[in-house]
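In: compute the structure for the input listed below.
(one chain, ligands or ions: 1)
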Amino acid sequence: MAEAALNAMARQLVDLTLCKTRYDAWDLQWYTQGPFWRRTNMRYSREYKIIPDYEIGDAKHGKTLENILDESEVLGQNLEQYKKTAKSEEMQRVDYLIDHVKNLNIRTRLLLGETFSFDEMTEGLYCLRAPACDYRKFDRILEKMNQALPGGGTVQEKISTFRRTLAIPPENLLKVIRESTQVFHEIAGARMDVTGNSMPRVRVRELPNKDMVFLSILFGYDYNHIEYERNFNLLYPWTVDKVMEYVGHEMEPGHLTYFEKRLQTMIDTCWPEMSIVSQFSTSNAFGEGSARHAISMSFDNSMEKQVEFEKEIIFKNAGIDEKYAELMPLWHEYCELEGYGKLEVSRGRWDHALSREEGARFLEQYGFAEPGTGIESVDHLAEDDGHFVAHDYSRDVVRDYFNTVAPDVEQQWKLYERICCAHVTMKGIREKVIY
Ligand SMILES: [Zn+2]
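Out: Have a look, this model is predicted:
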């Protein structure tokens with residue numbers, strides 16, 4: 001009886017989320033509509049991102065944003081009411097549903113034009129609030145880069161030149177992506193209980209503009225298999241670090257593995273909430289943060305081993321001089337700070353504390369945007385304001401969680417696999433709950 005009641009409330013959360021996609025096209029990252037699904041026609045465009053445009057048809061229609069808002073409030077109250085007499089073993093699930101209904105509620109209010117501070121917004125969507133930033137860390141990394149990077153000129157010029165050194169020539173991109181995908185696929189299979197049938201087909205092609213990184217097409221799934229195609233954009237400025245991010249993070253053992261685990265959990269339990277991964281939600285903030293930490297786990301949390309992989313698989317296939325591999329640990333440190341720099345610009349812009357020009361100047365000053373592209377970069381950040389909280393800050397919260405509760409990397413893998421199937425929230429991760 002209790003499970004049926006919770007299932008009904010979870011079903012309502014899923015329905016509201018599907019309805020909301022009509023006004024919020026990028027929210028749905030994954031959706032399991034049944035035990036299996038096949039794309040049955042080829043009537044789609046290869047010019048835009050196909051996922052998450054499943055054939056959800058009527059599920060999107062019939063509700064205004066006001067309807068969704070009202071229903072989410074009633075649903076939240078019902079869940080709170082339920083929680084008062086819930087059994088202890090149901091608590092994680094009830095809290096998960098409550099947090100996700102809150103995420104949906106805040107996202108709906110944002111879409112209706114309500115204003116929130118940046119921290120309220122990220123708390124509302126992801127249950128995360130990035131702490132105040134110590135800006136001295138940006139000066140320190142700049143100094144380090146100035147000392148370590150080769151070449152002459154200003155430090156911004158050295159960063160620019162080094163970024164170009166790490167560029168993957170388009171003619172070598174396919175080989176680089178294919179071989180890295182294969183290695184990450186093997187690592188995921190060796191470290192986790194995954195079927196091994198879900199390696200994506202990877203291709204490269206020119207997409208309509210250089211800002212699109214890739215285009216994904218889902219062809220189908222069943223319990224043991226996700227049929228997924230990923231087209232990487234030849235026009236995107238690929239560098240070694242971007243390959244690491246978009247192969248390990250976006251596919252296996254990152255998002256694609258998370259989707260596979262969710263799909264199986266949905267089939268094993270019939271819990272409606274396991275059928276969706278919604279971008280603006282606390283469980284997806286875990287998905288984003290853990291997909292980044294999983295890259296580190298893939299190399300036993302050893303930067304030395306990671307750089308060895310980068311050298312063997314990426315540098316060699318890309319034709320980049322291997323002597324620069326020794327600068328990769330510093331470069332990764334710099335990229336992590338770049339994420340935080342962009343987080344601060346997003347926060348400053350959102351809270352009206354920074355003008356567009358000030359944001360642009362800051363990004364260019366620290367080399368986080370190429371000279372002359374600061375404004376373009378600031379505008380790009382505004383397309384997904386909470387991105388760096390849900391990714392970069394989340395990665396650090398997740399990393400701290402894993403390093404605290406699981407002493408060695410073998411246990412981290414087991415834990416990661418378990419959490420992918422669990423009622424995970426960032427509140428639970430912060431409070432070091434064992435899933
Ligand atoms: Zn991601």
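In: which parts of stretch 331-349 are buried?
Out: 331-332, 334-349 (16 or more other C-beta atoms under 10 Å). Backbone N, C-alpha and C define where each C-beta goes, glycine included.
In: show me where this protein has strands.
Out: For the chain, the strands defined by DSSP state E cover 28-31, 37-38, 201-205, 214-222, 225-233, 276-278.
In: I'd like the mean pLDDT over the last one, please.
Out: Averaged across strand 276-278, pLDDT comes to 96.
In: over to stretch 366-386?
Out: Mean predicted lDDT for stretch 366-386 stands at 96.
In: that stretch: how far from the chain's middle?
Out: In this view, stretch 366-386 has its centroid 19 Å away from the chain centroid, taken as C-alpha atoms, centre = their mean, to the nearest Å.
In: circling back to that earlier point, which of the strands of the chain sits most buried?
Out: For the strands of the chain, the largest average neighbour count (mean count of other C-beta atoms under 10 Å) is found in strand 276-278, namely a mean of 25.
In: other SSEs contacting it?
Out: helix 2-20, strand 28-31, helix 91-111, helix 255-269, helix 282-298 (3 or more C-beta pairs under 8 Å, 6 or more residues apart in numbering; DSSP states H and E).
In: try 7 Å
Out: Counting contacts by 3 or more C-beta pairs under 7 Å, 6 or more residues apart in numbering; DSSP states H and E, strand 276-278 packs against helix 2-20, strand 28-31, helix 282-298.
In: distance between the last one and the chain's centre?
Out: When C-alpha coordinates are averaged (C-alpha atoms, centre = their mean), helix 282-298 and its chain have centres 7 Å apart.
In: same check on the second one?
Out: How far strand 28-31 lies from its chain's middle: 12 Å, per C-alpha atoms, centre = their mean.
In: how about the longest one?
Out: The offset between the C-alpha centroid of helix 2-20 and the centroid of the whole chain comes to 24 Å, using C-alpha atoms, centre = their mean.
In: what comes into contact with that helix?
Out: The contact list for helix 2-20, computed with C-beta atoms under 7 Å, 6 or more residues apart in numbering, reads 27, 56, 59-60, 62-63, 68, 71-72, 75, 78-79, 82, 87, 90, 93, 97, 100-101, 104, 108, 271-273, 275-276, 278.
In: now do the last one
Out: For helix 282-298, the external contacting residues (C-beta under 7 Å, 6+ apart) are 29, 99-100, 103, 126-128, 184, 187, 244, 248-249, 253-255, 258, 277-278, 390-391, 394-395, 397-399, 402, 409, 412-413, 416, 424-426, 429.
In: and the angle for that helix with helix 255-269?
Out: Angle between the axes of helix 282-298 and helix 255-269 is 120 degrees (criterion: axes from the mean of the first three to the mean of the last three C-alpha atoms, to 10 degrees).
In: residue nearest the centroid of this protein?
Out: For the chain, E288 is the residue whose C-alpha lies nearest the centre (C-alpha atoms, centre = their mean; 3.2 Å).
In: just give the closest residue to that one, not the sequence neighbours.
Out: H391 (4.7 Å; C-beta to C-beta, 6 or more residues apart in numbering).
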